[in-house]
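Peer 1: just coords:
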């Protein structure tokens, strides 16, 4: 199936496509986000997704922090806002326990084991907060940890044009297949180091196709900032072309 583009640009001919996203955008990570946005500014990155979690951990609501709001607004010329869950946390005590034991973030599986009504309430409340704060209506959704029940996908289709899971960007009638590049292994430094090495290796071995380059605030304390920036520079130097997910909507 030939993909169509909103702007009818020649992007469909690009064989080396690079989708950059900043995850977990919340006032909770304001200090780290300043660093990440500054790094993208220095590299003159012109297209990326800002994945906002409206009420991180049910404590850090986006509309209450003016410094955070101004930081995001100052970068909207180059970026699109995407809904990234509502509070980025699981209501499951089992997930919380597994996450604490393994350090791998199972407590962030926000939408697992929720009813249809609970899922829809989180989505509508998140969209309402984004609209009130930034005057935007996002058409993209990325669940925390790229995890969302497949049998509930019909709910997402009511509100969005696409969403991302662990293996693809799903436009509901077609997909772009790609496993994300990441630099953070949760709270486990050893896993983070392994993920960073594997990501750098993937980047240097892959000659064409699609990269979903995922940046997290926790990359900084986990030691992933420098490897991430070096890998991003490598991709840009080797003519991987910046794309937005919104450009691939049919």
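Peer 2: Thanks, I have it. Keep in mind it's a predicted model, so treat the numbers as computed, not measured. Numbers count the residues shown, from 1 in each chain.
Peer 1: how about stretch 61-69: buried residues?
Peer 2: Residues of stretch 61-69 classed as buried by neighbour count (16 or more other C-beta atoms under 10 Å): 62, 65, 68. Every residue, glycine included, has its C-beta placed from N, CA and C.
Peer 1: would you tell me which one of those comes nearest to residue 90?
Peer 2: Set against residue 90, the nearest of the buried residues of stretch 61-69 by C-beta to C-beta is residue 62 (20.3 Å).
Peer 1: pLDDT score for that closest one?
Peer 2: The model reports residue 62 with a pLDDT of 98.
Peer 1: and the helices in the protein?
Peer 2: Assigned by DSSP state H, the chain shows helices spanning 30-42, 66-73, 93-102, 116-134, 153-159, 189-205, 225-237.
Peer 1: would you mind giving the ones you listed as JSON lines with mean pLDDT and distance to residue 172 added?
Peer 2: Listed next are the helices of the chain as JSON lines, based on pLDDT from 0 to 100; distance: least, C-beta to C-beta, whole Å:
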{"stretch": "helix 30-42", "mean pLDDT": "98", "distance to residue 172": "29"}
{"stretch": "helix 66-73", "mean pLDDT": "98", "distance to residue 172": "27"}
{"stretch": "helix 93-102", "mean pLDDT": "55", "distance to residue 172": "27"}
{"stretch": "helix 116-134", "mean pLDDT": "97", "distance to residue 172": "15"}
{"stretch": "helix 153-159", "mean pLDDT": "97", "distance to residue 172": "5"}
{"stretch": "helix 189-205", "mean pLDDT": "93", "distance to residue 172": "27"}
{"stretch": "helix 225-237", "mean pLDDT": "97", "distance to residue 172": "28"}
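Peer 1: could you export the buried residues of stretch 61-69 as CSV, including distance to residue 148?
Peer 2: CSV is the format used below for the buried residues of stretch 61-69 (distance: C-beta to C-beta, whole Å):
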residue, distance to residue 148
62, 21
65, 27
68, 26
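Peer 1: residue 110: which of those residues is nearest?
Peer 2: Of those, the one sitting nearest to residue 110 (C-beta to C-beta) turns out to be residue 62, at 16.2 Å.
Peer 1: from what I see, the closest one and residue 30 are in contact.
Peer 2: No: applying C-beta atoms under 8 Å, one finds residue 62 not in contact with residue 30, separated by 10.8 Å.
Peer 1: who touches both of the two?
Peer 2: Residues touching both residue 62 and residue 30 (C-beta atoms under 8 Å, 6 or more residues apart in numbering) are residue 68.
Peer 1: may I see the buried residues of stretch 210-224?
Peer 2: The neighbour-count check on stretch 210-224 (16+ other C-beta under 10 Å) flags 210-220, 222, 224 as buried.
Peer 1: on that earlier part again, which one of the helices of the chain lies closest to residue 55?
Peer 2: helix 116-134 (7.2 Å).
Peer 1: could you say what helices and strands the closest one packs with?
Peer 2: Contacts defined by 3 or more C-beta pairs under 8 Å, 6 or more residues apart in numbering; DSSP states H and E place helix 116-134 against helix 66-73, strand 79-83, helix 153-159.
Peer 1: and with 10 Å instead?
Peer 2: strand 48-52, strand 55-56, helix 66-73, strand 79-83, strand 140-141, helix 153-159 (3 or more C-beta pairs under 10 Å, 6 or more residues apart in numbering; DSSP states H and E).
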